[in-house]
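S.K.: give me the fold of what follows.
(one chain, ligands or ions: 2)
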Amino acid sequence: MDLLEINNLWVNTHDNKEILKGLNFKVNKGEVHALMGPNGSGKSTLAFAVAGHPKYTVTKGEVLLNGENILNLKPHQRASKGVFLAFQYPVAIPGVTVSNFLRHALKALGRESELKDFRKTVKAKLAELKIDESFMSRNINEGFSGGEKKRLEVLQLAILKPKLALMDETDSGLDIDALKIVASGIERFAQESEAGVVLITHYQRLLNFVKPRFVHILAEGKIVASGDTRLVEQLEREGYEKFVTKAPTPA
Ligand code: ADP
Ligand code: MG
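M.R.: Ligands and ions are numbered 1, 2, ... in the order given. Take a look at the predicted model:
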């Protein structure tokens, strides 16, 4: 059975714009998939729909996690089943420190027992991510630099250990040093866990550090091509044009 199986998924935004139109997508345990596609093709929409964001309405199709349809579950219920979404644009949560957030999340996941080693685990991860320990007492994403926001996503991966990690442009806005740190954090997570990882990205550069087994192109509401990393090379050479039909939409 697949970890994630998406069948014929149709998704609208709240203003009834049709974004995903019959998308099929599968991720197995332990696999890293890269999801690429032109701007506005619906990559974030797909990630939000799987995580259960209320702004996106599924009008048809199913999203199965270990065989169970999760579409009727609330976002927090999906999270407790192991779905994790790293936002393309992480939001600030004033008044909630990184430390409190992570502790509460562990409790909400029913993993209080991990709190006794929390400090130690966090300390090791902060060192790997080259973050100062004072980071833990700052409010979530408040005044964070682009690099700090993305490092926080990787810290969450390491502590919360989701089963399915959807990383939405976790490479965007990073300088090359930060990119290496963030990418190796994701790579380490992928190797140490049995999780399925979906990397939504625009650029080959992330994929120089995290090696996906599968690469997919999302365009016009569907996965229009799947392959291995040679597909990324083809994209870098030829762009998306080839993967997008130019048929005019009927009025
Ligand atoms: P990508 O992540 O591939 O760049 P998105 O999923 O963010 O694409 O967006 C797909 C399309 O849906 C875009 O045209 C975008 O403007 C539109 N869209 C996304 N979210 C919303 C929303 N909440 N309300 C209205 N339109 C949206
Ligand atoms: Mg996006």
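
S.K.: so residue 182 touches residue 148, yeah?
M.R.: No: look at residue 182 against residue 148 with Cβ atoms under 8 Å: they stay out of range, at 10.5 Å. Bear in mind the C-beta positions are built from the backbone N, C-alpha and C, glycine included.

S.K.: tell me what the helix or strand harbouring residue 57 is packed against?
M.R.: Secondary structure assigned from DSSP states H and E places residue 57 in strand 56-65. If contacts are counted by 3 or more Cβ pairs under 8 Å, 6 or more residues apart in numbering; DSSP states H and E, strand 56-65 sits against strand 4-13, strand 18-27, helix 43-51.

S.K.: change it to 7 Å
M.R.: strand 4-13, helix 43-51 (3 or more Cβ pairs under 7 Å, 6 or more residues apart in numbering; DSSP states H and E).

S.K.: most tightly packed of the ones you listed?
M.R.: helix 43-51 (a mean of 24; mean count of other Cβ atoms under 10 Å).

S.K.: ok, is it in contact with ligand 2 or not?
M.R.: Yes: using Cβ under 5 Å from the ion, helix 43-51 reaches ligand 2 at 43-44.

S.K.: rounded mean pLDDT for that helix, please.
M.R.: Averaged across helix 43-51, pLDDT comes to 97.

S.K.: chain center to that helix, what's the gap?
M.R.: Put simply, helix 43-51 sits 9 Å off its chain's centre (Cα atoms, centre = their mean, to the nearest Å).

S.K.: cool, thanks, talk later.
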